[in-house]
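> Prediction below, plus the sequence it came from.
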Amino acid sequence: MQLPQHRPHHDIAALFADAKDFLRISAPMVRYSKLEFRRLVRQNGVQLAFTPMMISDSINNSEKARQNEFSTGPDDQPLIAQFAAKDATEFATSAQLIYPYVDGVDLNCGCPQGWAIAKGYGCGLLRQPELVRDVVQTLRRTLPKDFSVSVKMRLLQGQDNETSVQKTIELAQQLEHCGVTFLTLHGRTPAQKHSKDTLNVDAMAEVAKSLHIPLIVNGNVESYQDACELHEKTQAAGVMAARGLLANPALFNSDYPLATATPKACVEQWLDIAESAGDHLLFQCFLHHLSFMWSNQMKRALRVQLNSLNSKSQVLEFLAEHCDVFPRGAGSTPPIYTNCTYSHFTPPKHARHLAAEAEDESCWDAGSDGKFFTEFKTQQLSSNNMEDLELGGLFDDED
């Protein structure tokens, strides 16, 4: 089947090969690595960006979910779309739907959150390495060879560090043999909590050394110096940041190599992006990002006040009065949003949905909102505002 391209695809393998030292990468972050945030980090040194993790089941069965969960524009490239899928059919369907608008697809085998594992997503897939291999092989048979297919994973559980590393290397090499373009490795096992002490840098270096394809390393990247040190210690082809980019979207900007907080100019860029995005950017998402990147500059009373606001105009007035921060605005051109349509491919009904319909059970349908869009809308409509937003509570040990 010949799939259309909305724009020429980037050669992701060549992108790694052409990097001067290492590729700077923005992580897939549930609810947060949306188009507007990707625009901000691309203006500040990011060379490859991921979408938030999308649930294949909802994307495949709901047009409304597709429109809510995914958006892009001509400036949003190169781009990798990440999916949580339970099997090869789900993932292949999502990949064919999104194919015209992205440069590759990524299977999430790294999310350690309980709800994901319980549903067979994320780290749950690492318990079934043969299934992960089947997913990759199916994608390689389905999509053109020059379209990027990748997997984001964690270190595998083992009785000790040596067996954990060896099991991880074995799976990584199997996936390389199956045809993945690159791999992303988070340097903790699914059971390990987020802390400086649990990141296994030596293990990531061993995995990188065992592969002939690019490896992206991920974990504890909270500054440009952290990124450089992680690259130096692992010799990985790319370094990915998540929490660090939320706290400072200019983390990879070489103009601020010693920055420990978000530069004022970057905050003002975010205000410009939000202003020009209009209704494309949910207010709750705009406010959360602002709180992540600027709240360390404020005392708690002001943070609570900021997080109680309920409109962009109130936020702009607050920042002007208390922080001397203003949108720059002058000379900015309105952003372009791609009109993403999916008529090029009709998703087949998954056997699971056919069984659910036969039992008259609820499942995703064309009118269903996306899971994470719904979460933001619920927060926005709720009268219980989050007083003092913190990154840790939102990520549940995922970075």
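Noted; the coordinates are in hand.
> now residue 237, nearest residue through space, not along the chain?
Excluding the flanking residues, the one nearest residue 237 by CB to CB, 6 or more residues apart in numbering is residue 214, at 3.5 Å. Backbone N, C-alpha and C define where each C-beta goes, glycine included.
> For that neighbour, give me its contacts.
13, 16, 23, 181, 182, 183, 236, 237, 238 (CB atoms under 8 Å, 6 or more residues apart in numbering).
> Confirm for me that the fifth one is in contact with residue 150.
Yes: under the criterion of CB atoms under 8 Å, residue 182 is in contact with residue 150, at a separation of 5.1 Å.
> These two: who's more crowded?
Legend: neighbour count by other CB atoms under 10 Å for residue 182 and residue 150, higher for residue 182 (27 against 24).
> Can you read off the backbone torsions of that one?
phi -160, psi 170 (degrees, to the nearest 10).
> what do you get for the one 5 residues further on?
Backbone torsions for residue 187, taken as degrees, to the nearest 10, come to phi -80, psi 40.
> where's it relative to residue 207, distance?
9 Å (CB to CB, to the nearest Å).
> Phi, psi for the residue nearest to residue 237 please.
Main-chain dihedrals, residue 214, degrees, to the nearest 10: phi -60, psi 140.
> Could you do residue 24 as well?
Residue torsions, per degrees, to the nearest 10, at residue 24 are phi -90, psi 120.
> Spatially, which residue comes closest to it, not counting chain neighbours?
residue 252 is the one closest to residue 24 (CB to CB, 6+ apart), at 4.0 Å.
> Going by residue numbers, what spans are strands in the stretch 201-350 of the chain?
For the stretch 201-350 of the chain, the strands defined by DSSP state E, counting those that start in this stretch cover 215-218, 238-241.
> could you redo those as CSV and give each row distance to residue 173 and mean neighbour count?
Below are the strands of the stretch 201-350 of the chain laid out as CSV (distance: least, CB to CB, whole Å; neighbours: other CB atoms under 10 Å):
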stretch, distance to residue 173, mean neighbour count
strand 215-218, 11, 26
strand 238-241, 18, 26
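> As JSON lines, those with mean pLDDT would be great.
Converted to JSON lines, the strands of the stretch 201-350 of the chain look like this (pLDDT from 0 to 100):
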{"stretch": "strand 215-218", "mean pLDDT": "98"}
{"stretch": "strand 238-241", "mean pLDDT": "98"}
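> so can I have TSV of those showing distance to residue 315?
Listed next are the strands of the stretch 201-350 of the chain as TSV, based on distance: least, CB to CB, whole Å:
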stretch	distance to residue 315
strand 215-218	31
strand 238-241	25
